[in-house]
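Asker: Just to be clear, the model below is a prediction. Sequence and coordinates:
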Amino acid sequence: VAIVLYDLAGKDGVRFSPNCWRTRMALAHKGLDTETRATRFTEIPGILDGTQKTLPIIDDCGKIISDSWVIANYLEKAYPDRPSLFGGAGGRALTEFMLTWCNSVVQSAIISFIILDIHDALTAEDRAYFRTSREARFGKTLEAMQGGREARLESFRAALQPLRLHLKTQAFLGGATPLYADYLVFGALQWARTVSRFALLDDTDPVSAWFDRCLDLHGGLGRRAASICQ
Ligand SMILES: N[C@@H](CCC(=O)N[C@@H](CS)C(=O)NCC(=O)O)C(=O)O
């Protein structure tokens, strides 16, 4: 039986959520059969028992698990004979640092480049919810948040320097092959790729070459994904 992934979806079913992408890649890494269910923001209160607030959520034969980090840990424990997501206990602990860095530095910067593009990639039903909730959260309009993004690009790229230097000597953050740490940062960049035409990375950036390698993983799962910009 396939594991069900409740996956955030925009218009034309575009799958853009960074946190859902992490989980999607983790399921593929483990080689687990997955059925994704396109779920819009305003549909979340209507799924499962109605208490869930965020995606991703997985349903593994009736076991309902939410939160991407909890899900990754569940998969690692429940499927120990499949390829590891962390590479052992030390790897797991270090991955938790990557999670924190990815959320607090990478994703929180990327949101300011694409928040209006995300809005425009949503279905009509979701747009009002997204605008109201995000404008309340950030205390400004989506237009004001995204405005002037070109001027912020240089400092965003500079913030990726640790990643860039690491990838000079290794194909993936995990070494010769990817680990969950790769999927964390991949999810953040895939978020931008699926909803926006704005180029966060320079083509000559080693981070860009690594992202390209990630798009090819697991049968090109990331590359095949619809983007509103195709
Ligand atoms: N800590 C959670 C965060 C998940 C999260 O924030 N998901 C967003 C989409 S990327 C969401 O579902 N938001 C619902 C909403 O804002 O109503 C995780 O890692 O899964």
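Answerer: Alright, I've got the coordinates. Residues are numbered from 1 along each chain as shown.

Asker: Near the ligand, which residues of the chain are found?
Answerer: Taking C-beta under 6 Å from any ligand atom as the criterion, the chain approaches the ligand at residues 8, 17-19, 41, 44, 54-56, 67-69, 133. Bear in mind the C-beta positions are built from the backbone N, C-alpha and C, glycine included.

Asker: For the residues you listed, pick the one with the most neighbours.
Answerer: Among those, the one with the most neighbours (other C-beta atoms under 10 Å) is residue 68, at 28 neighbours.

Asker: And that one, how far from residue 201?
Answerer: 23 Å (C-beta to C-beta, to the nearest Å).

Asker: shouldn't residue 52 be in contact with residue 43?
Answerer: No. With contact defined as C-beta atoms under 8 Å, residue 52 does not reach residue 43; the gap is 10.5 Å.

Asker: now the residues of the chain next to the ligand in a markdown table, with pLDDT?
Answerer: Output for the residues of the chain next to the ligand, formatted as a markdown table (pLDDT from 0 to 100):
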| residue | pLDDT |
| --- | --- |
| 8 | 98 |
| 17 | 98 |
| 18 | 98 |
| 19 | 98 |
| 41 | 98 |
| 44 | 98 |
| 54 | 98 |
| 55 | 98 |
| 56 | 98 |
| 67 | 98 |
| 68 | 98 |
| 69 | 98 |
| 133 | 98 |
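
Asker: Out of the residues you listed, which two sit at the greatest distance?
Answerer: 69 and 133 (22.1 Å; C-beta to C-beta).

Asker: so where's the protein shaky on pLDDT?
Answerer: 229-230 (pLDDT under 70).

Asker: Do a quick rundown of the strands in it.
Answerer: 3-8, 34-39, 57-60, 63-66 (DSSP state E).

Asker: Reformat these as CSV; add distance to residue 220.
Answerer: Formatted as CSV, the strands of the chain follow (distance: least, C-beta to C-beta, whole Å):
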stretch, distance to residue 220
strand 3-8, 18
strand 34-39, 15
strand 57-60, 22
strand 63-66, 27
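
Asker: And the residues of the chain next to the ligand, which is closest to residue 214?
Answerer: residue 18 (12.9 Å).

Asker: from memory the closest one sits against residue 195, does it?
Answerer: No. In this structure, residue 18 is not within contact of residue 195 by C-beta under 8 Å, at 10.6 Å.

Asker: Tell me how many other residues crowd the closest residue to residue 143 other than its chain neighbours.
Answerer: In space, residue 143 comes closest to residue 116 once its chain neighbours are excluded; the distance is 6.0 Å by C-beta to C-beta, 6 or more residues apart in numbering. Neighbourhood size, residue 116 [other C-beta under 10 Å]: 21.

Asker: Please apply the same query to residue 117.
Answerer: Residue 117: 21 neighbours (other C-beta under 10 Å).

Asker: how near is it to residue 10?
Answerer: 10 Å.

Asker: buried sites along the helix ranked longest in the chain?
Answerer: For the chain, the longest helix by residue count, based on DSSP state H, is helix 206-224. By 16 or more other C-beta atoms under 10 Å, the buried positions in helix 206-224 come out as 206, 207, 208, 210, 211, 214, 215, 217, 218, 221, 222.

Asker: Contacts only, for the nearest residue to the fifth one once chain neighbours are set aside.
Answerer: Going back to what we said before, that points to residue 211. Leaving aside its sequence neighbours, residue 211 sits nearest to residue 189 (C-beta to C-beta, 6+ apart; 5.3 Å). For residue 189, the contacting residues are 110, 200, 201, 211, by C-beta atoms under 8 Å, 6 or more residues apart in numbering.
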